[in-house]
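Peer 1: Return atomic coordinates for the entry below.
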Amino acid sequence: MTTIDVIPVSKVEAGVTSADGEAFALTVSRPDGTKLSLALPAGQLMALADLAAVGHTQSRKLKHVDPNWKEYYRTTWFELSTDKTTGTVILSLTFGAGGTLSFSLPDNMPAQLVETLQALSGKSPAARPRGIRPS
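Peer 2: Numbers count the residues shown, from 1 in each chain. This next block holds a predicted model:
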């Protein structure tokens, strides 16, 4: 296994976007209480979100956390749109401190989501009386 030099961090403290939108300053606390701020290029923030999600998933597996237990953010808003070039459905979710992440839903995933949401809410198409169209 490769050894990586690291700076231990005990807590993520804050983050702020630069006035020109080109960078994001992430402030963390070190175990000795000192603070360290990193200036991350705005173009790298989605990669950071992806890697953080991977790290969280791997950590849970290594700690043998019950896979049926989910940590989650309360979603405060959602938006559905379509990519003008590909026609792919895009689901954007606003959560946590107000950030938004967008996900492309390929192929038949939108229909699968509708079907699953209907089943979870007890409103599956099979349960509707005949002759009534879904709204």
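Peer 1: quick one, what contacts Leu51?
Peer 2: By Cβ atoms under 8 Å, 6 or more residues apart in numbering, no residues touch Leu51. Quick note: C-beta positions are derived from backbone N, CA and C, even for glycine.
Peer 1: no wait, Leu101
Peer 2: 49, 92-93, 95.
Peer 1: Need phi/psi at the residue nearest the centre of the chain.
Peer 2: Centroid-nearest residue in the chain, with Cα atoms, centre = their mean: Leu101, separated by 5.7 Å. For Leu101, the backbone dihedrals (degrees, to the nearest 10) come out as phi -120, psi 140.
Peer 1: Beta-bridge partners for it, please?
Peer 2: Per DSSP bridges, the residues bridged to Leu101 are Leu93.
Peer 1: Tyr72 - how many residues pack around it?
Peer 2: By other Cβ atoms under 10 Å, the residues close to Tyr72 number 6.
Peer 1: biggest helix in this structure, by residue count?
Peer 2: The helix that spans the most residues within the chain, counting by DSSP state H, is helix 45-62.
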